[in-house]
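Participant: Using only what follows, build the 3D model:
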Amino acid sequence: MPPPSLLRPPLSRLLRRSQTPSPLRRTPSFTPSPPLVQPKRRHLSAAQLADPLSAAGVEEAVVGFVTGKRKATEVAHAVWGSIVQKGDTVVDATCGNGNDTLALLKMVADESVRGPVYGLDIQDSAIDSTSAFLKMAVDSHERELVKLFCICDSRMEDIIPKDSPVRRR
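Facilitator: Model prediction:
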């Protein structure tokens, strides 16, 4: 066995090594500036979510989720709102109670532009719940833009017209 002095590095090398920062202790090379506008509301409105330039809305929603102040659905709605545009064709692949279907409808349709929403779910009760919710929440003209199907999302191509550009949630 070699003597202990050969097993240990010289003290000067240990000192030098300890003075170099480890990758886990790096300090940022910049200091992030505070946001220009402090958010005053806890929940984002549909108009804010539908604004394609609302990257700040997405960031606010993500930070709110991480800090426990927002729900995961609010993050999803903020992300969709930064991507989905009026007139787009969208798919809610799991309708559930209809809240996401309604949010998507508000993002793709208004008085002048009418984008279709395809709602899919494998449970009849979810389709019924979404249908009942939409009857209460929107008028008949908006409701006719929503097509609900009790089908697995793996069969989406059987429902959506082939020429429709689709953004899947």
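
Participant: Can you pull out the low-pLDDT segments for the protein?
Facilitator: 1-56, 165-169 (pLDDT under 70).

Participant: make it 80
Facilitator: 1-66, 68-73, 75, 77, 79, 81-82, 164-169 (pLDDT under 80).

Participant: Break it down into its structural domains.
Facilitator: 43-83, 86-169 (automatic domain parsing).

Participant: Make JSON lines out of those and add mean neighbour count.
Facilitator: To be clear about C-beta, it is placed using only N, CA and C from the backbone, and glycine gets the same treatment. Listed next are the domains of the chain as JSON lines, based on neighbours: other CB atoms under 10 Å:
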{"stretch": "domain 43-83", "mean neighbour count": "17"}
{"stretch": "domain 86-169", "mean neighbour count": "17"}
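
Participant: Please, where are all the strands along this protein?
Facilitator: Under the criterion DSSP state E, the chain carries strands at the ranges 89-92, 117-121, 146-150, 166-168.

Participant: Make JSON lines out of the ones you listed and add distance to residue 64.
Facilitator: Compiled in JSON lines, these are given as follows (distance: least, CB to CB, whole Å):
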{"stretch": "strand 89-92", "distance to residue 64": "23"}
{"stretch": "strand 117-121", "distance to residue 64": "26"}
{"stretch": "strand 146-150", "distance to residue 64": "28"}
{"stretch": "strand 166-168", "distance to residue 64": "23"}
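
Participant: got the angle for the longest helix along the chain vs strand 117-121?
Facilitator: Scanning the chain for the helix with the most residues, using DSSP state H, yields helix 124-137. With axes from the mean of the first three to the mean of the last three CA atoms, to 10 degrees applied, the angle from helix 124-137 to strand 117-121 works out at 150 degrees.

Participant: who does helix 124-137 touch, helix- and strand-wise?
Facilitator: Contacting helix 124-137 under the criterion 3 or more CB pairs under 8 Å, 6 or more residues apart in numbering; DSSP states H and E are the following elements: helix 99-108, strand 117-121, strand 146-150.

Participant: Kindly present the ones you listed as JSON lines, with separate columns for distance to residue 137.
Facilitator: Listed next are the helices and strands packed on helix 124-137 as JSON lines, based on distance: least, CB to CB, whole Å:
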{"stretch": "helix 99-108", "distance to residue 137": "5"}
{"stretch": "strand 117-121", "distance to residue 137": "13"}
{"stretch": "strand 146-150", "distance to residue 137": "11"}
